[in-house]
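*Asks:* Structure for the following, please:
(one chain, ligands or ions: 1)
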Amino acid sequence: MILMDDIIREGHPTLRTKAEEVKFPLSDETRQLAEDMLQYLINSQDPEMAEKYNLRSGIGLAANQVNSLQRMFALHLQDDAGEQLSFVAINPKIVSHSVENTYLSAGEGCLSVDRNVPGYVPRHARITVKFKTIDGEEKKMRLKGLSAIAFQHELDHLNGIMFYDRINEKNPFADIPESIPYERD
Ligand code: NI
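*Replies:* As a prediction, this is how the structure comes out:
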C-alpha cells in the first residue's frame, strides 16, 4: 500500500528525470505498482481511509512520484459528465489536441508539492490520447475538462516536468491565449 511517505517531493531528482517505456507483458512488480498507484488515489478520496492513513487527496499519480522511472500513471476522478474515470495509463501519448486552451482557475496542485503555487497552468482544452492498460489492451480516448487537464499534468511528470514550470514567471495570472478557464467545484 502506498502512503504519503512513499511519495517523493519536489527537489528529488526522479521528478526531473524522463521515465522509460514500459514493456509488455508487465512484470509482477510493475503490475503491483500500477495497481497500488490507482489504489492510493481511491483510498485518498475515501474520507475514512484518508483519515486513517493520513493520505492527501489526489486525482492523479505518476510513477515518478513513487520514485519509479516507468511511463505510467493512475487517474481517478469524475469527468465533466459526472462519470467516474479510473485507470492506469501505460506508455501514454497525446495523439491530437484542440487549438483551444484551458486552465484551472484555482491553479494546480500536486502530491509531490507541499505548498501552494499560485498561477495559471496552460493546458489543451481537449485531447485525444492513446495508452495501454495494465492488461496490455490498447485504449484510445477523447478527454476534456478536468480529465484532460489531469492527463496532461501526469504526462508531464513522466517527462520530468512540474506543473509550475508552465506558469508565467513574470505574471502568473496573465491571460492564457485562446482559453476558457475551468472552474472546479
Ligand atoms: Ni503532480
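*Asks:* Residues touching the longest strand seen in the chain, excluding its own?
*Replies:* When secondary structure is assigned using DSSP state E, the longest strand within the chain turns out to be strand 84-97. Under the contact criterion C-beta atoms under 8 Å, 6 or more residues apart in numbering, strand 84-97 has outside partners 21-22, 26, 34-35, 37-38, 41-42, 71-79, 124, 126-134, 139-140, 147, 151-152, 154-155, 158. Any C-beta I mention is one placed from the backbone N, CA and C, and that applies to glycine too.
*Asks:* so where's this structure shaky on pLDDT?
*Replies:* Within the chain, the stretches with pLDDT under 70 are 185.
*Asks:* now the contacts of strand 84-97: which count as buried?
*Replies:* Neighbour counting by 16 or more other C-beta atoms under 10 Å classes 22, 26, 34, 37-38, 41, 71-77, 79, 124, 126-129, 131-132, 134, 147, 151-152, 154-155, 158 among the contacts of strand 84-97 as buried.
*Asks:* what residues does the longest helix seen in the chain touch?
*Replies:* Secondary structure of the chain read by DSSP state H shows that its longest helix is helix 28-44. Applying C-beta under 8 Å, 6+ apart, the external contacts of helix 28-44 come out as 1-2, 22, 26, 49-50, 53, 55-61, 63, 66, 68, 70, 72-76, 86-88, 90, 134.
*Asks:* Let's see the ChimeraX selection covering just the buried ones among those residues.
*Replies:* Burial among the contacts of helix 28-44 is assessed by 16+ other C-beta under 10 Å; the matching ChimeraX selection reads:
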select :2,22,26,55,58,59,60,61,63,66,68,70,72,73,74,75,76,87,88,90,134
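*Asks:* Go through the contacts of helix 28-44 and flag which are in strands.
*Replies:* Secondary structure assignment (DSSP E) places Gly60, Leu61, Met72, Phe73, Ala74, Leu75, His76, Ser86, Phe87, Val88, Ile90 from the contacts of helix 28-44 within strands.
*Asks:* so which two of those are the farthest from each other?
*Replies:* Of all pairs drawn from those, the widest gap by C-beta to C-beta lies between His76 and Ile90 and measures 15.5 Å.
*Asks:* residue ranges for the helices of the chain, please.
*Replies:* Under the criterion DSSP H, the chain contains helices at 28-44, 47-53, 145-158.
*Asks:* Export these as a markdown table, with columns for distance to Ile167.
*Replies:* A markdown table is the format used below for those (distance: least, C-beta to C-beta, whole Å):
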| stretch | distance to Ile167 |
| --- | --- |
| helix 28-44 | 24 |
| helix 47-53 | 28 |
| helix 145-158 | 12 |
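*Asks:* Compare those helices and give me the one nearest Leu111.
*Replies:* Proximity of those to Leu111 was assessed by C-beta to C-beta; the nearest stretch is helix 28-44, lying at 8.4 Å.
*Asks:* Many thanks, we can stop here.
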